[in-house]
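Colleague: how would this look folded up:
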Amino acid sequence: MANLEYFQYAYMSDNYGVLLHCPQSGATASIDCGDAQATTDALNQKGWALTHIFATHHHADHVAGLAQLKAQHGCEVIGPTGINGVDNLVADGSRFTFAGTEVQTLHTPGHTKDMINYYLPAEKTVFTGDTLFSLGCGRLFEGDAPMMWNSLNKLMQLPEDTIVYSSHEYTEANAAFAVTVDPDNDELNARVEKIKQLRSDGEPTVPSTLAEELATNPFLRAGDRKIRQHLNMTDATDAEVFAEIRQRKDNF
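Modeller: Numbers count the residues shown, from 1 in each chain. Got it, this is the predicted structure:
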């Protein structure tokens with residue numbers, strides 16, 4: 001049973017931020033803060049006061065509002081090296097407590113070298129930034145395919161009932177690509193129809209569960225026999241299959 005309250009809000013063209021709130025202590029954390037006004041509007045809507053920011057990586061659409069929010073709220077900023085204003089530096093395997101709840105950090109480089117994901121075991125929740133998306137994964141801007149495959153494997157080891165909050169509404173486009181590499185996956189085809197309906201109704205497709213991603217996200221399924229056959233890569237390593245899938249998505 002989750003002890004924290006969650007409020008997901010959209011900003012810019014396709015970003016998501018999430019507020020974590022503890023009703024008992026009043027502590028409130030923002031996962032990233034790419035738009036200070038959007039975060040402020042979300043806080044005002046809920047009537048919460050910002051006490052923490054968890055930064056995932058240095059891209060502007062995730063941290064552009066950090067300085068303003070920190071100045072306004074005096075909040076503690078937690079994140080990787082290389083981001084101005086971080087008070088508490090975290091790396092792979094770091095642990096800290098937010099409102100009495102343990103937070104574990106996973107270093108998941110690939111999209112960027114500094115990417116940190118935040119896992120709350122008691123809440124069965126992970127915030128994956130731009131590493132793992134619903135039916136997708138981040139583009140390889142600073143890392144390479146083996147690096148990202150290793151990072152995704154860290155996430156794949158989490159319990160399957162983990163709730164996955166990712167940072168962008170990319171799912172419909174990801175779904176259109178996923179069926180091109182995993183066309184005979186009945187679970188994927190059913191999920192695609194569900195996603196189309198959600199987006200048609202103006203509803204978010206985030207969060208998902210790790211179980212859903214393991215069953216339908218091609219970027220986590222490099223070892224799948226049918227995908228390997230479809231790509232004519234039956235004898236390749238998982239990392240090589242992943243690299244091929246990532247390259248195909250880049251050109252899709």
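
Colleague: what stretches of the stretch 1-150 of the chain score poorly on pLDDT?
Modeller: Scanning the stretch 1-150 of the chain for pLDDT under 70 picks out 1-2.

Colleague: show me the contacts for the closest residue to residue 243 other than its chain neighbours.
Modeller: Spatial nearest neighbour of residue 243, chain neighbours left out: residue 145 (3.6 Å); criterion: CB to CB, 6 or more residues apart in numbering. Where C-beta positions appear, they are placed from N, C-alpha and C, glycine not excepted. By CB atoms under 8 Å, 6 or more residues apart in numbering, the residues touching residue 145 are 110, 239, 242-243, 246.

Colleague: and residue 145, what are its phi and psi?
Modeller: Torsion angles at residue 145 (phi, psi; degrees, to the nearest 10) stand at phi -60, psi -50.

Colleague: gap between it and residue 54?
Modeller: Distance, residue 145 to residue 54, by CB to CB, to the nearest Å: 27 Å.

Colleague: what does residue 67 give?
Modeller: Residue 67 is 16 Å from residue 54, where distance means CB to CB.

Colleague: which stretches of the stretch 101-250 of the chain form helices?
Modeller: Taking DSSP state H, counting those that start in this stretch as the criterion, the stretch 101-250 of the chain carries its helices at 145-156, 171-181, 186-200, 210-216, 225-230, 238-250.

Colleague: buried sites along the third one?
Modeller: Translated: helix 186-200. Judged by neighbour count (16 or more other CB atoms under 10 Å), helix 186-200 contains these buried residues: 188, 191-192, 195.

Colleague: got those residues as a markdown table, with pLDDT and distance to residue 251 columns?
Modeller: Below are the buried residues of helix 186-200 laid out as a markdown table (pLDDT from 0 to 100; distance: CB to CB, whole Å):
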| residue | pLDDT | distance to residue 251 |
| --- | --- | --- |
| 188 | 97 | 20 |
| 191 | 96 | 23 |
| 192 | 96 | 20 |
| 195 | 95 | 22 |
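
Colleague: closest to residue 73 out of the residues you listed?
Modeller: Set against residue 73, the nearest of those by CB to CB is residue 195 (35.4 Å).

Colleague: my guess is that closest one meets residue 205, correct?
Modeller: Yes. Counting by CB atoms under 8 Å, residue 205 is a contact partner of residue 195 at 5.3 Å.

Colleague: which residues do the two both contact?
Modeller: Joint contacts of residue 195 and residue 205 (CB under 8 Å, 6+ apart) are 134, 171-172.

Colleague: list the contacts of residue 196.
Modeller: Counted by CB under 8 Å, 6+ apart, residue 196 has contacts 172, 175.

Colleague: with residue 4 instead?
Modeller: Going by CB under 8 Å, 6+ apart, residue 4 touches 20-22, 99, 101, 120, 123.

Colleague: same check, this time on residue 22
Modeller: Contact analysis of residue 22 by CB under 8 Å, 6+ apart lists 3-5, 28, 98-101.

Colleague: ok so, going back, could I get the shared contacts of residue 195 and residue 205 as CSV with distance to residue 80?
Modeller: As requested, the shared contacts of residue 195 and residue 205 are exported to CSV (distance: CB to CB, whole Å):
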residue, distance to residue 80
134, 23
171, 26
172, 30
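
Colleague: for stretch 135-150, which positions count as buried?
Modeller: By 16+ other CB under 10 Å, the buried positions in stretch 135-150 come out as 135-138, 140, 143, 145, 147-149.

Colleague: based on its surroundings, how many neighbours for residue 108?
Modeller: For residue 108, the count of nearby residues is 30 (other CB atoms under 10 Å).
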